[in-house]
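J.: coords please:
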Amino acid sequence: MSATSATSEQQPKMAVLGGGAWGTALACVLAQKHAAVPLWAHEADTVRAINDSHENTPFLPGIKLADNIHATADLTDLRAAEIILMVVPAQFARPILADLAAINDHAMLVLCAKGIERDSLKLMSELAEEYIDKARLAVLSGPSFAADVARGLPTAVTMAAADATRGAWLASHIGAPHFRPYLSDDIIGAEIGGAIKNVLAIACGIVAGKRLGESARAALTARGFVEMSRLGAAFGAKPETLNGLSGLGDLILTCSSDTSRNFSLGRALGEGGQAADILSARRSVSEGAMSAAAIAALADKHKLDMPICRAVDNIVSGTVSVNAAIADLLARPIGQEN
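T.: Presented below is the predicted three-dimensional model:
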């Protein structure tokens with residue numbers, strides 16, 4: 001459906017691509033005002049749980065789902081969708097995008113996963129443009145825990161689309177009284193914040209796990225925001241985007257709570273765990289661990305000083321211990337705050 005449909009009474013056909021916690025939470029939002037919400041999931045047990053018990057027990061237990069949410073493992077069930085919210089983790093997105101492009105050549109695709117593809121160093125919108133016309137792309141990002149959104153607790157996010165009319169149209173059909181999208185035309189800026197905050201959340205989790213104190217966590221969050229701003233500037237992101245919900249807002253949320261998978265990963269690392277062991281025991285993806293190497297590579301490419309992100313990459317990859325990484329950060333020369 002085109003952006004001119006914004007004035008139409010007809011509701012567009014909606015769908016969610018990705019059956020994890022965040023995809024399920026977004027399906028809960030859509031189900032409040034759309035008659036049918038197909039939810040594609042890769043895992044067969046997720047599909048069965050949602051359809052049989054109306055609960056995503058593997059990824060979002062304890063939250064009952066509306067009857068009009070129907071899970072499917074068949075991508076062709078999204079053929080008729082006019083708006084698709086894509087929540088597939090960044091490192092698994094490429095083949096799904098290729099398959100989706102072959103069956104649906106008209107839907108607006110709202111990218112809701114946060115991360116950078118490690119092999120190509122591409123943001124999700126850059127990756128999606130290989131398969132889908134960029135005029136059909138938008139980004140939804142911001143400070144939002146899946147369980148909060150699914151339970152109907154107040155949440156505000158950024159809806160970024162290059163065309164303002166299309167962005168407003170998308171927001172009108174995705175937003176809800178408790179789920180408030182703020183509009184932006186800065187797709188790249190919205191993605192940069194979402195990708196880097198996951199890496200920084202691991203760093204703040206390490207601070208918590210090592211019991212280094214709230215002062216250290218606040219300092220790390222603030223200096224991490226500087227690193228986010230540096231990479232954002234290299235990509236041409238608008239400062240107001242990084243200062244907003246999808247940048248600073250998301251950073252504050254994920255750097256302060258074990259509800260964040262990335263923060264909890266960092267805490268486990270700070271308590272002495274090994275990244276490979278922690279990640280292998282988890283079913284949900286901790287995207288910061290997957291994107292850390294890509295962000296370090298982008299820092300090299302653009303000649304940017306991003307010591308916190310680089311430290312996280314070194315810790316997750318196992319090349320540097322947590323204690324050595326902390327010592328290296330504290331031994332850095334005193335400099336200007338910029």
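J.: can I get the CA coordinates of stretch 177-193 in CSV?
T.: The C-alpha coordinates for stretch 177-193 follow below in CSV (Å, rounded to 0.1, in the frame of the first residue of the first chain):
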residue,chain,number,x,y,z
PRO,A,177,-1.8,4.5,23.0
HIS,A,178,0.9,2.9,25.1
PHE,A,179,3.4,2.5,22.1
ARG,A,180,4.2,5.9,20.8
PRO,A,181,6.4,6.4,17.7
TYR,A,182,8.2,9.7,17.2
LEU,A,183,9.0,10.4,13.6
SER,A,184,12.4,10.9,12.0
ASP,A,185,13.9,10.9,8.5
ASP,A,186,17.3,9.7,9.7
ILE,A,187,17.3,6.0,9.1
ILE,A,188,21.1,5.6,9.5
GLY,A,189,21.1,7.5,12.8
ALA,A,190,18.3,5.3,14.2
GLU,A,191,20.3,2.2,13.3
ILE,A,192,23.6,3.4,14.7
GLY,A,193,22.2,4.0,18.1
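J.: per-residue confidence averaged over that stretch?
T.: In this model, stretch 177-193 has an average pLDDT of 96.
J.: what's the answer for stretch 17-36, then?
T.: On average, stretch 17-36 scores 96.
J.: end to end, how far does it reach?
T.: Terminal residues of stretch 17-36 are spaced 14 Å apart (C-alpha to C-alpha, to the nearest Å).
J.: Against residue 77, how distant is the closest residue to residue 142 other than its chain neighbours?
T.: Excluding the flanking residues, the one nearest residue 142 by C-beta to C-beta, 6 or more residues apart in numbering is residue 157, at 3.2 Å. (Glycine included, C-beta is placed from N, CA and C.) Residue 157 sits 26 Å away from residue 77, going by C-beta to C-beta, to the nearest Å.
J.: Those two: which has the busier surroundings?
T.: residue 157 (25 against 16; other C-beta atoms under 10 Å).
J.: Show the contacting residues for the more buried one.
T.: By C-beta atoms under 8 Å, 6 or more residues apart in numbering, the contact list for residue 157 reads 140-144, 179-182, 245-246.
J.: Quick check: mean pLDDT of whichever strand or helix holds it?
T.: Using DSSP states H and E, residue 157 sits within strand 155-160. For strand 155-160, the mean pLDDT works out to 98.
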